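**Q** Let me see the structure of the following:
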Amino acid sequence: MYVDTYCTYEMPPGQVQSTPVSERSTLPKHEARRRYVEIGELAVLEQIQRDSALLDADAIAVGPFARLDAGQVAAHDGKTRGAITNLFGSQAAFQAATMALALSAGDWIAELEYPAPADFDGAEAWLDAVLARESARGPLAGAVPSVTYGTLWALWLSAVPYGLWSERVRQPSMEEHTQWVARLEREIEGALEHFGAGLREDTSAADLAGALASLIEGVWLNQCLTTRHPTDPSQPISAFMRRSGRLLWRGATE
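**A** Sure thing, here's the model as predicted:
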């Protein structure tokens, strides 16, 4: 038997441990467990960093995309894995292509339709309708998996940590976000003009669009976990977005 800093190992009978024996840890078991978990957290981040470097050097799938089974996918059409490998060359290439499509959702932004200001009596009623639609567009706790923007957005979250070190993940994600904020800015400018409202001197339509985009995606994180307002369960989660959006609008306009 030998003892390292935190763990004890049983040696097979008759085998001699040649490695120098370190002193037994004086940490209580629960602290030793936490120590190893903390080291494990760092090891996970370092692994993501290494995978990100590989991802930029050569297209590879990461996170859940790396577990995508070509055989299971082909079975949806009553075919075998060969149907996919014949098209892509390998399962790995198919996984990478699937990840690339999921990370680049710009087509979904181009197809967005927002309520028309002319259909509402006031700016806040229009904004309420916009945010209600954005809530419905996002992820929803317990929803059946399907190829919709909300579920793809949730799937995108699984690749976000790689964006810290990977241009391949970061670039399409930022392009989509920029495209969306620009679209929100145009909608806000149209609403301001229609309702005869103005922005405060130190605020622009781009500022308000960015704030609303951050709010929407922040609430979408909650929507991944609950369908109810996080502090008022009597209300749906959409109420959280709509109420917060009104506060932003009131703070930005005059």
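**Q** domains of the chain?
**A** Listed by automatic domain parsing, the domain ranges of the chain are 1-51, 59-96, 106-252.
**Q** Next, count neighbours for I237.
**A** 20 (other C-beta atoms under 10 Å). Just so you know, the C-beta spots here come from the backbone N, C-alpha and C atoms, and that holds for glycine as well.
**Q** was I right about it contacting L225?
**A** No. Using C-beta atoms under 8 Å, I237 is not in contact with L225, being 9.3 Å away.
**Q** Can I get the domains of the chain in JSON lines including mean pLDDT?
**A** JSON lines is the format used below for the domains of the chain (pLDDT from 0 to 100):
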{"stretch": "domain 1-51", "mean pLDDT": "72"}
{"stretch": "domain 59-96", "mean pLDDT": "95"}
{"stretch": "domain 106-252", "mean pLDDT": "95"}
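**Q** Where do the helices of the stretch 1-150 of the chain begin and end?
**A** 29-57, 70-75, 81-88, 91-103, 106-110, 123-137, 149-157 (DSSP state H, counting those that start in this stretch).
**Q** closest to H177 out of those helices?
**A** Closest to H177 of these is helix 106-110 (C-beta to C-beta; 9.1 Å).
**Q** Could you check that closest one and say which residues are buried?
**A** Judged by neighbour count (16 or more other C-beta atoms under 10 Å), helix 106-110 contains these buried residues: W108, I109.
**Q** what packs against the helix or strand encompassing W180?
**A** Element membership for W180 (DSSP states H and E) is helix 167-195. Secondary structure elements in contact with helix 167-195, counted by 3 or more C-beta pairs under 8 Å, 6 or more residues apart in numbering; DSSP states H and E, are helix 29-57, helix 91-103, helix 106-110, helix 123-137, helix 205-223.
**Q** if we can go back for a sec, so which of the helices of the stretch 1-150 of the chain is nearest R246?
**A** Among the helices of the stretch 1-150 of the chain, the nearest to R246 by C-beta to C-beta is helix 123-137 (5.8 Å).
**Q** buried residues in the closest one?
**A** A123, E124, W126, L127, D128, A129, V130, L131, A132, E134, S135, R137.
**Q** How about the backbone phi and psi for the nearest residue to W220 once chain neighbours are set aside?
**A** Spatial nearest neighbour of W220, excluding adjacent residues (C-beta to C-beta, 6 or more residues apart in numbering): G138 at 4.0 Å. Per-residue torsions, G138: phi -90, psi -180 (degrees, to the nearest 10).
**Q** mind listing what G138 touches?
**A** Going by C-beta atoms under 8 Å, 6 or more residues apart in numbering, G138 touches Y149, G150, W153, I216, V219, W220, Q223.
**Q** any idea how far the second one lies from G210?
**A** Counting by C-beta to C-beta, to the nearest Å, the gap from G150 to G210 is 21 Å.
**Q** Between those two, point out the one with more neighbours.
**A** Neighbours per residue (other C-beta under 10 Å) separate G150 from G210, with G150 holding more: 19 against 15.
**Q** Could you find the closest non-adjacent residue to G63?
**A** S158 is the one closest to G63 (C-beta to C-beta, 6+ apart), at 4.4 Å.
**Q** Contacts only, for the most centrally placed residue in the chain.
**A** For the chain, L157 is the residue whose C-alpha lies nearest the centre (C-alpha atoms, centre = their mean; 2.0 Å). With contact set as C-beta under 8 Å, 6+ apart, L157 has these partners: C224.
**Q** now, among the contacts of G138, which is nearest to A206?
**A** I216 (15.6 Å).
**Q** Quick one: end-to-end distance for stretch 78-92.
**A** 21 Å (C-alpha to C-alpha, to the nearest Å).
**Q** Measure how far that stretch is from the centre of its chain, please.
**A** Mean-position distance between stretch 78-92 and its chain equals 28 Å (C-alpha atoms, centre = their mean, to the nearest Å).
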